[in-house]
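Colleague: coords please:
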Amino acid sequence: MVVFSIFYLFSVVFNIDEYAYADLSLVSAPKFSEQAFQSLHKGEILSRKDQQNVSVPNPEIPAHTETSRMIYLWLTEYRVASAANVYFKAGVMEYLITNDMVPSKFSLNTSKYPFNKTIPQIEKEYPNLDMVANFEVTSPPVLNMTTEGLKCSLVGLLNFYVTQENKEAAFVFSLSVSMSLSASVSVNTKKNAITGSFTLDSSSFKFAESAEKLGEISANVKKLDKVMDTLFGTIIPKVNEKAAEGLPIPIFPGIELVKPEISFGKGYILIATDINHTISLEYSNVMKMYKDIKNYNRKDEL
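Modeller: I've put the predicted structure just below:
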């Protein structure tokens, strides 16, 4: 009875931040054996506004017979994809690059290197003005879990603006951008969360559009490859700031993960860990904890 009550702790939702919450409801009855029990949970990240499901297939959990650790926790691409979908729709996947963020050998000023040399039309129309570059993700990031690790694809627009003397921003030009990233993944035992750190594997860009007064500049834009590498390098730290916050691991309050280990499979991450707990698993305490969590995470409060 106590063990069965513990599963009910997962039949709740809990808030992640102002944009998202996690649905950990059971999707099937738990399975019991003499040595272990197994439960399957939805694990989806949903928006606190529209609560729309993501149309991504949920990979099957492979058969597992290893029993040397106390808990084995599978997190699938479905969970990560649903999170990416929520934050994309929330409009938070935008990154502003300003002149003070680029190395001193480059400048976003229209009258300084490299833009005064590669696209002189910009200096002619907007002399000695600082530009900003706004990177806007145009579709949810695609994250793939493979036996080799976590890969991510980003596509978006990099829009350049000048700040005019009247403080108004004027559009200059934009580039279509794609980036391929790889990530190292770890478990933050203090946060009980999976965190990541991304590195840029490859990138590409092409001319999208420009202000009409500049005329034809698409040929000039092709000469910005080294500059773009630098600008991409300022975007990755912003991505990593979010990745460092992590996705919560569905663990009971009062339980501490001990020496967790991560391995990758096709479409999933497996966390194998031991645990310490500071709670009593007496039936009365488990039921009290269950009621407290239910009260705190009621759906009508989302």
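Colleague: residue 205 pairs with what?
Modeller: Residues in a beta bridge with residue 205, per DSSP bridges, are residue 177.
Colleague: doesn't residue 179 make contact with it?
Modeller: No: using CB atoms under 8 Å, residue 205 is not in contact with residue 179, being 9.3 Å away. (C-beta placed from N, C-alpha, C; glycine too.)
Colleague: out of these two, which sits in the busier spot?
Modeller: Legend: neighbour count by other CB atoms under 10 Å for residue 205 and residue 179, higher for residue 179 (23 against 20).
Colleague: show the pLDDT at that one.
Modeller: The model reports residue 179 with a pLDDT of 94.
Colleague: and the helix or strand where it lies, what's buried?
Modeller: Assigned by DSSP states H and E, residue 179 falls within strand 169-188. With burial defined by 16 or more other CB atoms under 10 Å, the residues of strand 169-188 counted as buried are 170, 172, 173, 174, 175, 177, 179, 181, 182, 183, 185, 187.
Colleague: my guess is the fourth one contacts residue 160. True?
Modeller: Looking back up the chat, that one is residue 174. Yes: with contacts counted by CB under 8 Å, residue 174 reaches residue 160, the gap being 6.8 Å.
Colleague: quick one on the thing from earlier: same for the strand holding residue 179, what does it pack against?
Modeller: Contact analysis of strand 169-188 by 3 or more CB pairs under 8 Å, 6 or more residues apart in numbering; DSSP states H and E lists strand 131-137, strand 149-163, strand 193-210, helix 225-245, strand 255-265, strand 268-277 as its packing neighbours.
Colleague: any chance of the ones you listed in TSV, plus distance to residue 32 and mean pLDDT?
Modeller: What follows is the helices and strands packed on strand 169-188, written out as TSV (distance: least, CB to CB, whole Å; pLDDT from 0 to 100):
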stretch	distance to residue 32	mean pLDDT
strand 131-137	44	95
strand 149-163	32	94
strand 193-210	27	93
helix 225-245	35	88
strand 255-265	20	89
strand 268-277	19	87
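Colleague: of all these, which one comes closest to residue 99?
Modeller: Nearest to residue 99 among those is strand 131-137 (7.5 Å), distances taken as CB to CB.
Colleague: what lines up beside that closest one in the sheet?
Modeller: strand 94-97 (antiparallel), strand 149-163 (antiparallel).
Colleague: centre of the chain to the first one, how far?
Modeller: A distance of 15 Å separates the C-alpha centroid of strand 94-97 from that of its chain, computed with CA atoms, centre = their mean, to the nearest Å.
Colleague: pLDDT (mean, whole number) over it?
Modeller: Computed over strand 94-97, the average pLDDT equals 93.
Colleague: quick check: buried residues in it?
Modeller: So strand 94-97, judged by 16+ other CB under 10 Å, has buried residues 95, 97.
Colleague: what is the subsequent helix or strand relative to that strand?
Modeller: Using DSSP H and E, the first helix or strand after strand 94-97 is helix 115-118.
Colleague: what is the mean pLDDT for that following helix?
Modeller: The model assigns helix 115-118 a mean pLDDT of 93.
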